[in-house]
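# Sharing a sequence plus its predicted fold:
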Amino acid sequence: RVCVCVCAQVFATGPVNTDGTGLGLYICKGYPVEWNLYTVVDPKANVMHATLVSEGDRLYIFNTRRRTNEKGQHRLSFYSDKKSPPCTDIYYSDRKDVKKWSPHAQNPVLVGADKALCGGAFLRIGGELFRMKMDCSLYYGKSVMAMHVLELSPTEYQEEPDQLNMLSLVCASGTGFNSLGMHVIAGLQIGGTGGNWVGCADGFAAPSGWELQVKK
């Protein structure tokens, strides 16, 4: 879960139901395992990679529309479909009342297998906001890259690619924990501006003994 602190309370997002339906905001009662449903953001949403971020006086949730086939089965390969590309919606709320949420005016804000899914927590570096995006253009988790957020408001969203010199760290490598692909990345700056960074990531590893050549 991507967590955000509001008035000394820690919140995160996730599905309301076990089948991935209903977008909910959860409040932490005992980190990291005890969470209670705080409010339902959108009861009709199909939830995938829901990511919470604070910007200004508002909270925003980026949620990719979870995909299933006619049998109700969920497959990660569905997010690489170019004929029917994945879509991501944004919801927003005032920090003073996080029980009330509204859909973004431009929904779906992000469309495309190469950019729709969030690939981890947002980063703030030098006052600038960056979204981690998962590239699923060839397959789910091909890579995770940083996008520079130029504008985020209830009516506008704009981003552009950013060169953070992280590409070699977040692509499928052919070896190790991310031999087949990446999943999500999270970073935290210790000691405020100018401090050191720590981070964690997870990926998709091939079975032991496999030798891979990864197309990048």
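Good, I have the coordinates.

# Output the lowest mean pLDDT helix or strand found in the chain.
Counting by mean pLDDT, DSSP states H and E, the chain has its least confident helix or strand at helix 167-170, which shows a mean of 54.

# after that helix comes which helix or strand?
Downstream of helix 167-170, the next assigned helix or strand under DSSP states H and E is strand 181-189.

# Residues in contact with that following strand: which ones?
Outside strand 181-189, the residues that touch it by CB atoms under 8 Å, 6 or more residues apart in numbering are 2, 119-121, 123, 125, 132, 134, 139-144, 170-172, 195-204. Every residue, glycine included, has its C-beta placed from N, CA and C.

# Among those, name the ones in strands.
123, 125, 132, 134, 143-144, 197-204 (DSSP state E).

# Check which helices and strands the longest strand seen in the chain is in contact with.
With secondary structure taken from DSSP E, the chain has its longest strand at strand 34-55. In terms of contacts (3 or more CB pairs under 8 Å, 6 or more residues apart in numbering; DSSP states H and E), strand 34-55 is packed against strand 4-6, strand 9-15, strand 21-30, strand 58-65, strand 87-94, strand 128-135.

# rerun at 6 Å
strand 9-15, strand 21-30, strand 58-65 (3 or more CB pairs under 6 Å, 6 or more residues apart in numbering; DSSP states H and E).

# Would you mark the buried spots in the shortest one?
The reference is to strand 9-15. V10, F11, A12, T13, G14, P15 (16 or more other CB atoms under 10 Å).

# Most neighbours of all the ones in strands among the contacts of strand 181-189, which one?
Neighbour tally across the ones in strands among the contacts of strand 181-189 (other CB atoms under 10 Å): the maximum, 29 neighbours, falls on M134.

# Can you tell me the closest non-neighbouring residue to that one?
Once flanking residues are discounted, M134 sits nearest to G119: 3.7 Å by CB to CB, 6 or more residues apart in numbering.

# is it true that that neighbour touches V144?
Yes: the pair G119 / V144 is scored as a contact, 3.6 Å apart, by CB atoms under 6 Å.

# Mind listing the shared neighbours of the two?
Common contact partners of G119 and V144 (CB atoms under 6 Å, 6 or more residues apart in numbering): M132, M134.

# Not counting stretch 127-134 itself, show me its contacts.
With CB under 6 Å, 6+ apart, stretch 127-134 has contacts from 115, 117, 119-120, 122-123, 144-149, 185.

# Greatest separation within those residues: which pair is it?
L117 and H148 (17.5 Å; CB to CB).

# between those two, who's got more neighbours?
Taking neighbours as other CB under 10 Å, L117 and H148 compare with L117 leading, 25 against 16.
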